[in-house]
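**Q** sequence unavailable; structure follows:
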């Protein structure tokens, strides 16, 4: 991951922190979204509890969620 992509991810995460956080999605919904994104050949990244598809913030994952695929 290049420096530019890392900066873009951090800026997106900072923007999400400024606004009101939406309720966390259900674990089954998150898993199905990850499977669908992987099947479509998209980049799936999880950093510090933030889930990204193609370097776009999708959801914030609570620490108690167990995501195993």
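**A** Arrived safely. For clarity, every value in this text was computed on a predicted model and none was experimentally measured. Numbers count the residues shown, from 1 in each chain.

**Q** could I get the full set of helices for this protein?
**A** Secondary structure of the chain (DSSP state H): helices at 3-18, 27-39.

**Q** hey, least reliable of those by pLDDT?
**A** If those are sorted by mean pLDDT, helix 3-18 sits at the bottom with a mean of 67.

**Q** run a quick neighbour tally on residue 32.
**A** Close neighbours of residue 32, defined as other C-beta atoms under 10 Å, add up to 12. To be clear about C-beta, it is placed using only N, CA and C from the backbone, and glycine gets the same treatment.

**Q** give me the distance between it and residue 62.
**A** Here the criterion is C-beta to C-beta, to the nearest Å. By it, residue 32 lies 17 Å from residue 62.

**Q** give me the residue at the spatial middle of the chain.
**A** Ranked by distance to the mean C-alpha position of the chain (C-alpha atoms, centre = their mean), the top residue is residue 51 at 1.2 Å.

**Q** contacts only, for residue 47.
**A** Applying C-beta atoms under 8 Å, 6 or more residues apart in numbering, we find residue 47 in contact with residue 9.

**Q** so what's it bridging to?
**A** Judged by DSSP bridges, the bridge partners of residue 47 are residue 50.

**Q** do you know how far it is from residue 60?
**A** As for residue 47, its distance to residue 60 is 11 Å (criterion: C-beta to C-beta).

**Q** kindly report the same for residue 41.
**A** Relative to residue 60, residue 41 is positioned 24 Å away (criterion: C-beta to C-beta).
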